[in-house]
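K.L.:
quick one, structure for this:
(2 chains, ligands or ions: 2)
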Amino acid sequence: MKTIEQINEKISSGKAVVLTAEEIIDYVDKKGLEQAAKEVDVVTTATFGPMCSSGCFLNFGHSKPKMRITESWLDDVSAYAGIAAVDLFLGATQLRANDPANTDYPGDFRFGGGHVMEKLVAGEEVQLFALSYGTDEYPRKELRTTFTIDDLNQAMMVNPRNCYQNYNVAINASDKTIYTYLGQLKPNMKNCGYSSAGQLSPLLNDPFYRTIGVGTRIWLAGAQGHVYSEGTQHSPTCERGLLGVPSEGAGTLALTGDMKKMDPEFIRGVSLKGYGVSLSVGVGIPIPILDEKMLLQTTIRDRDIMAQVIDYSTDYPERNGKVLGNVSYEELKSGTINLNGQKVEAGGLSSYGKARKIAAILQEEIRSGKFLVTQPIAPLPVEQGMKPMKEARS
Amino acid sequence: MSGTTEKITRKLMLYFPECETEKPIVYHLVKDYDLIINIFRARVTPEEEGYLVLDVTGTEENIEKGTAFIKSLDIKIDTTRKGVTWDKERCAQCGSCVPHCPTNALAIPDRNTMEVVFNTEECIECLSCIKVCPFGAMKSLF
Ligand code: SF4
Ligand code: SF4
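P.N.:
Numbering: from 1, shown residues only, chains lettered A, B, ... in the order given. Ligands and ions are numbered 1, 2, ... in the order given. You can find the predicted model right below:
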């Protein structure tokens, strides 16, 4: 019905009709699918939450005399130096050196790679400490300096597994408090933790990856980045419900963007008691409305998106595949779910408020002609599962 | 009954400089001014300063007299009672603190926008939120 080129022409001339994934639901109810599909050009989706699989490549330029870095620390957080002389990779879940971690359980985990990334995006000063064995052309063996993101040649964020299509709801059936990446879980299933923007979430609005693929331009924490691959653990062969929307973790996206152009509001270090450190990332993805079928996908509502409740005290760590029940995002967002007759308080880790803000920012950028939509250069796989680890038999 | 015998409750945060940490303040408030005291938090720092967050219940007149007595001892009183603070900018609106807050001081009044608000009046300084907030938005002054 519409092509990407036609939609981009409308965006460039400032005439595109853009609605958020929240607004589109009532709009289609009011106008009908056929009429709405004629009018609407783009639906914006967004999410903001901890996405552990995140990191960045940093290029420092050369010191005088030159140095071939073999070991390095950024604000005492170890960064990987096995790439090239002055390129480092910093991972979001790397802890600061000497952090007691969980030796004093449950540990606080105050500072890690994600916090360094937050500081960099915020323009704050970070310390580099580096060691080397020294070579003929790279004689220097030790270096200590401070820098900001402006001093770097490149600061490229890479997120090999972001925007999980859906995710588990974590609960604790044991009689002791447990500490997980979905938050602190009280004993005897008193509360549960979830993480998804539900009806605003990118891959829940394009469940079969029709418009989101390799090369798709995205809004990554304020910068224009793109999808560079399917994400790790991308597993589209899964349980699906209404409109084909997955009811368990399914597709994932590998993202990249220029950290120098990011907004610190949407890149935030995370400390999870008893678990570790991570990074919360804000992502917005536009969905071009090519036809009625695509529009219909974006009308998915919280009440129709289901998630699996899993016991993180035994079933999750043991990987025995047991699901305690299914709940909708409408229920989760109400603050209380009903799990087999028991009332359970629900708390999110992803921020629906920030997701709404991102969807609105992206909507404005597209309306004003600053952000064009893209045709993927390769599709994401639609049929593949996820294998468990192959372990040697003893 | 006149308004003066009606009992009211006031929240106070007291700060004791080093020299005053030895005085039996609560004893005097109860004994001399007929006040009911509910202590939320008390702490003497390694520098020997003291902090006390409490509710006092009694007639307005007695509360006035009691607080005048406290002030006469060189103890600072903060009636805005900010032992626990919420940094609105740092708060990412995730809501993971809400199921852990026993009083609904941290709450999501509108489930459509999912915005988290902090009502300092309701806070009993249990500190649960400080442990669960992943963004360090909840802080304790002491
Ligand atoms: S200190 Fe306790 S009562 Fe106060 S806001 Fe935090 S969790 Fe709620
Ligand atoms: S846990 Fe922290 S960041 Fe999340 S809503 Fe509560 S105060 Fe805000």
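K.L.:
quick one: contacts for A:R161?
P.N.:
Residues in contact with A:R161, defined by Cβ atoms under 8 Å, 6 or more residues apart in numbering or on different chains, are A:M51, A:C52, A:S53, A:G231, A:T232, A:Q233, A:T252, A:L253, A:A254. Every C-beta, even on glycine, is put in place using the N, C-alpha and C of the backbone.
K.L.:
swap that for A:T211, please
P.N.:
A:T211 sits next to A:I287, A:P288, A:L290, A:M294, A:V373, A:P376 when contact means Cβ under 8 Å, 6+ apart.
K.L.:
could you redo the last one with a cut-off of 10 Å?
P.N.:
The contact partners of A:T211, by Cβ atoms under 10 Å, 6 or more residues apart in numbering or on different chains, come to A:4, A:42-43, A:202, A:205, A:285-290, A:294, A:297-298, A:373-376.
K.L.:
quick check: phi and psi at it.
P.N.:
Note on A:T211: its backbone torsions stand at phi -110, psi -20 [degrees, to the nearest 10].
K.L.:
so how far is A:I7 from it?
P.N.:
According to Cβ to Cβ, to the nearest Å, A:T211 stands 10 Å off from A:I7.
K.L.:
check B:M13 too.
P.N.:
Distance of B:M13 to A:I7, computed by Cβ to Cβ: 58 Å.
K.L.:
how close does A:A173 sit to A:L272?
P.N.:
With the distance defined as Cβ to Cβ, A:A173 ends up 20 Å from A:L272.
K.L.:
the two: which has the busier surroundings?
P.N.:
The neighbour count for A:A173 versus A:L272, taken as other Cβ atoms under 10 Å in any protein chain shown, is higher for A:L272 (25 against 16).
K.L.:
contacting residues for the nearest residue to the more buried one once chain neighbours are set aside?
P.N.:
Closest residue to A:L272 apart from its sequence neighbours, by Cβ to Cβ, 6 or more residues apart in numbering or on different chains: B:P134 at 5.5 Å. Counting by Cβ under 10 Å, 6+ apart, B:P134 makes contact with A:49-50, A:109, A:181, A:183, A:268-273, A:275, A:277-278, A:280, A:349, B:92, B:94, B:96-97.
K.L.:
repeat that for 6 Å
P.N.:
By Cβ atoms under 6 Å, 6 or more residues apart in numbering or on different chains, the contact set of B:P134 is A:V270, A:S271, A:L272.
K.L.:
from these, which land in helices?
P.N.:
Using DSSP state H to define helices, no part of those is located there.
K.L.:
all the strands of the stretch 201-350 of chain A, in order from the start?
P.N.:
For the stretch 201-350 of chain A, the strands defined by DSSP state E, counting those that start in this stretch occupy A:217-220, A:223-230, A:253-258, A:267-272, A:276-288, A:306-311, A:325-328, A:336-339, A:342-348.
K.L.:
direction included, what does the fourth one pair up with?
P.N.:
Going back to what we said before, that points to strand A:267-272. Sheet partners assigned to strand A:267-272 using DSSP bridges are listed as strand A:276-288 (antiparallel).
K.L.:
what's the partner strand in contact with?
P.N.:
By Cβ under 6 Å, 6+ apart, the residues outside strand A:276-288 that reach it are A:4, A:7, A:42-52, A:54, A:92-93, A:109, A:112, A:114, A:117, A:163, A:202, A:205-206, A:211, A:218-221, A:266, A:268, A:270-271, A:298, A:354, A:358, A:362, A:373.
K.L.:
next step: the residues you listed restricted to helices.
P.N.:
When the contacts of strand A:276-288 are checked against helices (DSSP H), the matches are A:I4, A:I7, A:G114, A:M117, A:P202, A:N205, A:T298, A:K354, A:I358, A:L362.
K.L.:
from those residues, which is closest to ligand 1?
P.N.:
Distances from ligand 1 to the ones in helices among the contacts of strand A:276-288, taken as Cβ to the nearest ligand atom, are shortest for A:K354 (20.6 Å).
K.L.:
give me the neighbour count for the closest one.
P.N.:
23.
K.L.:
with adjacent residues omitted, what lies nearest to it?
P.N.:
A:F48 (3.7 Å).
K.L.:
residues touching A:E248, list them.
P.N.:
Taking Cβ under 6 Å, 6+ apart as the test, what A:E248 contacts is A:C238, A:E239, A:Q308.
K.L.:
so which of those wins on neighbours?
P.N.:
For those, neighbours were counted using other Cβ under 10 Å, and A:Q308 has the most, 18 neighbours in all.
K.L.:
how near is that residue to A:S280?
P.N.:
23 Å.
K.L.:
per-residue pLDDT, A:F111?
P.N.:
On the pLDDT scale, A:F111 is placed at 97.
K.L.:
circling back to that earlier point, closest one of the ones in helices among the contacts of strand A:276-288 to ligand 2?
P.N.:
Distance to ligand 2, by Cβ to the nearest ligand atom, is smallest for A:K354 among the ones in helices among the contacts of strand A:276-288, at 10.0 Å.
K.L.:
and the pLDDT at that closest one?
P.N.:
At A:K354, pLDDT is 98.
K.L.:
and what of B:R43?
P.N.:
Per-residue pLDDT puts B:R43 at 86.
K.L.:
ok, it - contacts?
P.N.:
By Cβ under 6 Å, 6+ apart, the residues touching B:R43 are B:Y51, B:F142.
K.L.:
returning to that earlier point: quick one: least confident of the contacts of A:R161?
P.N.:
Note: of the contacts of A:R161, the lowest pLDDT belongs to A:C52, at 91.
K.L.:
distance of it relative to ligand 1?
P.N.:
26 Å (Cβ to the nearest ligand atom, to the nearest Å).
K.L.:
residues in contact with stretch A:167-187: which ones?
P.N.:
By Cβ under 6 Å, 6+ apart, stretch A:167-187 touches A:106, A:189, A:192-196, A:249, A:272-275, A:307-313, A:349, B:96, B:132.
K.L.:
ditto for stretch A:5-23
P.N.:
Residues from elsewhere that reach stretch A:5-23 (Cβ under 6 Å, 6+ apart): A:27, A:39-45, A:199-200, A:205, A:288, A:298, A:359, A:363, A:366-367, A:369, A:372-373.
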